[in-house]
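*Asks:* this one's structure only:
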Ligand SMILES: Nc1ncnc2c1ncn2[C@@H]1O[C@H](COP(=O)(O)OP(=O)(O)O)[C@@H](O)[C@H]1O
Ligand SMILES: O=P(O)(O)OC[C@H]1O[C@](O)(COP(=O)(O)O)[C@@H](O)[C@@H]1O
Ligand SMILES: [Mg+2]
């Protein structure tokens, strides 16, 4: 059986470990021939791939990024579409696809699978916004990096008695902000899922200041203050034509300073939280997800995605994974919100 692998959407730490897990299991144990398409769907459309065997994946688990590259190129365009992909895969002799990606990628995987193209999903994203699985690899590393940033901002913030605002990623789901904020003991954590008023944010900041501490505010890029119609965006669109989010930290800090009189500074963590060496947790999760995806291909379990349930890797229907977003539930927000200020 000839299996194609691709990565689509934003990169994240652990992608190489996942590719290695799928290839070692697929080629050495299950007897597949495997190829890796370059830069996601671009490689499928333009016929650019590399052979994937034991030598191709040697020593790559600790490496960030992806040896296959990634992109936000969509195959579902009028020029290509489902039939175009079907024809390309037939041309390359590919019997099945393993698509490594987040909610967007698995949405495409589901459409292809529903159209009869044998596809298996392998979930990744730092945002942890994919349903059907407890965690995606990449998330743990991003949280560790954001937590270290909070620890560092604290010492400089305390020295100057400033309010420090840290902006982290999270387009629709605030998991990185929630977990890093909790780990770092942030006094305010602002998520895309739950608006707050500027009055409330400033009241929390003032209560921290009144205790003689320097407030630390963590804000996810997708957060909106009450009354804001849209998220704060940067110039330009992403590869899929969506507005690029980012900048809420730089909006908030001056507003806090103006209202509270407390000197404030904003830091945007940005792509630092997607780069570099994956944590051991992410390497293990990614490797196991890769193995599970290869096993599912061998078993003909097309249309499913490798999911973490507790400590077990199980296959779930792609429909379950993309039917909704995994956002922060109200009880998880309330749990920390009671401690703000
Ligand atoms: N509903 C959709 N229809 C067509 N293509 C889509 C759709 N959703 C996502 N895609 C394609 O899949 C890519 C990956 O999705 P994206 O959200 O960018 O990353 P991720 O897979 O990490 O969530 C998008 O950039 C786009 O090209
Ligand atoms: O600047 P880029 O690479 O387009 O990506 C920014 C987006 O990608 C992410 O890091 C990850 O999102 P995906 O998992 O959907 O690719 C988001 O948190 C962020 O909004
Ligand atoms: Mg996404």
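*Replies:* Done, it's in. Since the model is a prediction, treat every value here as computed from it, not as a measurement. Ligands and ions are numbered 1, 2, ... in the order given.

*Asks:* which residues in the chain form strands?
*Replies:* Remark: strands assigned in the chain by DSSP state E are 2-7, 33-37, 49-52, 96-101, 119-123, 163-168, 188-190, 216-220, 233-237, 243-245, 264-268, 304-309, 312-317.

*Asks:* Columns mean pLDDT, distance to residue 288 and mean neighbour count on top of those strands, output as a markdown table?
*Replies:* For glycine as for every other residue, the C-beta is placed from the backbone atoms N, C-alpha and C. Formatted as a markdown table, the strands of the chain follow (pLDDT from 0 to 100; distance: least, CB to CB, whole Å; neighbours: other CB atoms under 10 Å):
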| stretch | mean pLDDT | distance to residue 288 | mean neighbour count |
| --- | --- | --- | --- |
| strand 2-7 | 98 | 16 | 25 |
| strand 33-37 | 98 | 18 | 23 |
| strand 49-52 | 98 | 18 | 18 |
| strand 96-101 | 98 | 14 | 26 |
| strand 119-123 | 98 | 11 | 31 |
| strand 163-168 | 98 | 26 | 28 |
| strand 188-190 | 98 | 30 | 28 |
| strand 216-220 | 98 | 28 | 29 |
| strand 233-237 | 87 | 35 | 11 |
| strand 243-245 | 92 | 31 | 16 |
| strand 264-268 | 98 | 33 | 20 |
| strand 304-309 | 98 | 8 | 24 |
| strand 312-317 | 98 | 5 | 16 |
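
*Asks:* In CSV: those strands, plus distance to ligand 2.
*Replies:* Shown next, in CSV, are these (distance: least, CB to the nearest ligand atom, whole Å):
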stretch, distance to ligand 2
strand 2-7, 10
strand 33-37, 17
strand 49-52, 22
strand 96-101, 7
strand 119-123, 10
strand 163-168, 8
strand 188-190, 15
strand 216-220, 9
strand 233-237, 9
strand 243-245, 5
strand 264-268, 12
strand 304-309, 14
strand 312-317, 18
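
*Asks:* Domain ranges for this protein, per the record?
*Replies:* Recorded structural domains for the chain (assignment: automatic domain parsing) are 2-137+278-321, 140-275.

*Asks:* Of those, which is nearest residue 330?
*Replies:* Residue 330 lies closest, by CB to CB, to one member of the domains of the chain: domain 140-275, at 7.8 Å.

*Asks:* ends of the closest one, how far apart?
*Replies:* End-to-end distance for domain 140-275, by CA to CA, to the nearest Å: 12 Å.

*Asks:* Kindly report the same for stretch 56-70.
*Replies:* End-to-end distance of stretch 56-70: 17 Å, with CA to CA as the criterion.

*Asks:* is that stretch anywhere near ligand 1?
*Replies:* No: applying CB under 6 Å from any ligand atom, one finds stretch 56-70 separated from ligand 1 by no less than 8.4 Å.

*Asks:* Only the buried residues of that stretch, if you could.
*Replies:* Across stretch 56-70, burial judged by 16 or more other CB atoms under 10 Å covers 56, 57, 60, 61, 63, 64, 65, 66, 67, 68, 69, 70.

*Asks:* Tell me where the protein has helices.
*Replies:* 15-23, 41-46, 81-92, 103-114, 139-160, 175-184, 198-210, 248-260, 280-298, 318-322, 330-337 (DSSP state H).

*Asks:* how far out from the middle of the chain is the last one?
*Replies:* A distance of 22 Å separates the C-alpha centroid of helix 330-337 from that of its chain, computed with CA atoms, centre = their mean, to the nearest Å.

*Asks:* again with the first one
*Replies:* In this view, helix 15-23 has its centroid 17 Å away from the chain centroid, taken as CA atoms, centre = their mean.

*Asks:* And for the fifth one?
*Replies:* The chain centroid and the centroid of helix 139-160 are separated by 19 Å, computed with CA atoms, centre = their mean.

*Asks:* returning to what we had before: which of the strands of the chain sits closest to residue 112?
*Replies:* Of all the strands of the chain, strand 119-123 sits nearest to residue 112, with 5.0 Å by CB to CB.

*Asks:* packing partners for the closest one?
*Replies:* strand 96-101, helix 103-114, helix 280-298, strand 304-309, helix 318-322 (3 or more CB pairs under 8 Å, 6 or more residues apart in numbering; DSSP states H and E).
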